[in-house]
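got a predicted structure here, sequence first:
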Amino acid sequence: MKVTKRQLRRIIKEEKRKVLLEQGDPISDELLGDFILKFQAALLDYEVGVNERHRLGSQKDYENTVYQVAEEVEDFVRKRLADLYAGDVWSAGVGR
């Protein structure tokens, strides 16, 4: 089976991305962790007005949604950082 240079580059980028996601980066991990904690705190400190309560549900539902959104944001950012570190600037949205 022959592999083209382009296919080989793609395979290397994918494997590098996987390794970077598994290992992580200490500086990025700390900064991202701090950001996520501040993000959660800001959302949890949000004062729900009387007119908004029907849309947001109970306090527990709101808190669960905040934690879910924060987790999704963290996953998204980690994937984009891995794309950048792997040299895939187009997937990371930088080259657009």
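Arrived safely.

hey, let's count contacts and neighbours off CA atoms from now on
Noted.

tell me where this structure has helices.
Along the chain, counting by DSSP state H, helices occupy 5-23, 26-44, 53-56, 59-85.

worst mean pLDDT among those helices?
Lowest mean pLDDT within these: helix 53-56, a mean of 70.

most tightly packed of the helices of the chain?
By mean neighbour count, with neighbours taken as mean count of other CA atoms under 10 Å, helix 59-85 ranks first of those at a mean of 16.

could you say what helices and strands that helix packs with?
helix 5-23, helix 26-44 (3 or more CA pairs under 8 Å, 6 or more residues apart in numbering; DSSP states H and E).

one more time with 10 Å, if that's ok
If contacts are counted by 3 or more CA pairs under 10 Å, 6 or more residues apart in numbering; DSSP states H and E, helix 59-85 sits against helix 5-23, helix 26-44, helix 53-56.

mind checking how far that helix is from the chain centre?
5 Å (CA atoms, centre = their mean, to the nearest Å).

and residue 16, how far from residue 46?
Distance, residue 16 to residue 46, by CA to CA, to the nearest Å: 39 Å.

go on, residue 78?
Counting by CA to CA - residue 78 and residue 46 are separated by 26 Å.

residue 39 too?
11 Å.

equivalent analysis for residue 17, please.
From residue 17 to residue 46 the distance is 36 Å (CA to CA).

out of the helices and strands packed on helix 59-85, which is closest to residue 66?
helix 26-44 (6.5 Å; CA to CA).
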